[in-house]
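Asks: the amino acid sequence is not available; the structure is as follows:
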């Protein structure tokens with residue numbers, strides 16, 4: 001009998017942990033969809049950045065007193081954070097018709113999220129129109145990999161310029177200043193992957 005109780009307790013704990021992870025991923029997806037950083041959402045909801053980060057990573061549970069302020073800040077119904085539909089649980093596969101745009105501040109650039117929100121790797125489809133690109137070089141935590149599917153691109157990493165064509169790929173540390181631009185006559189499509197370790201996550205990411 002004691003063994004059965006222990007097993008039941010372990011199963012319950014595992015289910016609760018899985019639920020926390022699911023809610024955390026859903027929360028992060030909604031935050032990214034709203035174009036909010038951890039700092040911005042935490043400030044609007046009146047909680048600490050550390051607490052919000054732990055909820056998104058499934059380390060701690062979403063409390064009732066935190067649920068409503070977060071939902072209000074995200075502009076969604078509170079039930080949206082807790083829904084348990086088959087579609088919301090399809091976190092391992094992003095359907096082509098369900099891709100979410102990632103807010104960008106660059107002219108002629110569109111980024112769509114290819115990876116499930118909360119995944120260790122962030123995969124994006126980056127579309128760069130002729131003449132489009134980043135306004136200035138930038139850097140952040142993590143590592144990056146990219147593959148040019150179509151067109152050409154000029155990629156500048158730490159002051160060195162690389163002229164990329166269809167079929168070319170690249171990889172670099174995100175802490176290096178980098179920028180990109182499409183100097184060609186056709187749209188450039190790039191599969192772009194960013195990996196950020198948990199220990200490297202900044203408040204504004």
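Replies: Yep, that arrived. This structure is a prediction, so every number in the text was calculated from the model and none was measured.
Asks: buried residues in the helix or strand residue 179 falls within?
Replies: Using DSSP states H and E, the element containing residue 179 is strand 178-181. Of the residues in strand 178-181, 178, 179, 180, 181 count as buried by neighbour count, 16 or more other CB atoms under 10 Å. From N, CA and C alone the C-beta is placed, and that goes for glycine too.
Asks: in JSON lines: those, plus distance to residue 61 and pLDDT.
Replies: What follows is those, written out as JSON lines (distance: CB to CB, whole Å; pLDDT from 0 to 100):
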{"residue": "178", "distance to residue 61": "38", "pLDDT": "96"}
{"residue": "179", "distance to residue 61": "41", "pLDDT": "96"}
{"residue": "180", "distance to residue 61": "40", "pLDDT": "97"}
{"residue": "181", "distance to residue 61": "45", "pLDDT": "97"}
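Asks: tell me which of these is nearest to residue 141?
Replies: Residue 141 lies nearest to residue 178 out of the buried residues of strand 178-181, by CB to CB, at 13.0 Å.
Asks: quickly list what the closest one is bridged to.
Replies: Note on residue 178: beta-bridge partners by DSSP bridges are residue 138, residue 157.
Asks: hang on, isn't it packed against residue 140?
Replies: No: with contact defined as CB atoms under 8 Å, residue 178 does not reach residue 140; the gap is 9.5 Å.
Asks: which stretches in this protein count as helices?
Replies: Using DSSP state H, the helices of the chain run over 2-34, 38-45, 49-56, 64-74, 79-82.
Asks: a markdown table please, covering those helices and showing mean neighbour count and mean pLDDT.
Replies: Conversion of the helices of the chain to a markdown table gives the following (neighbours: other CB atoms under 10 Å; pLDDT from 0 to 100):
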| stretch | mean neighbour count | mean pLDDT |
| --- | --- | --- |
| helix 2-34 | 14 | 65 |
| helix 38-45 | 18 | 92 |
| helix 49-56 | 19 | 92 |
| helix 64-74 | 16 | 88 |
| helix 79-82 | 15 | 76 |
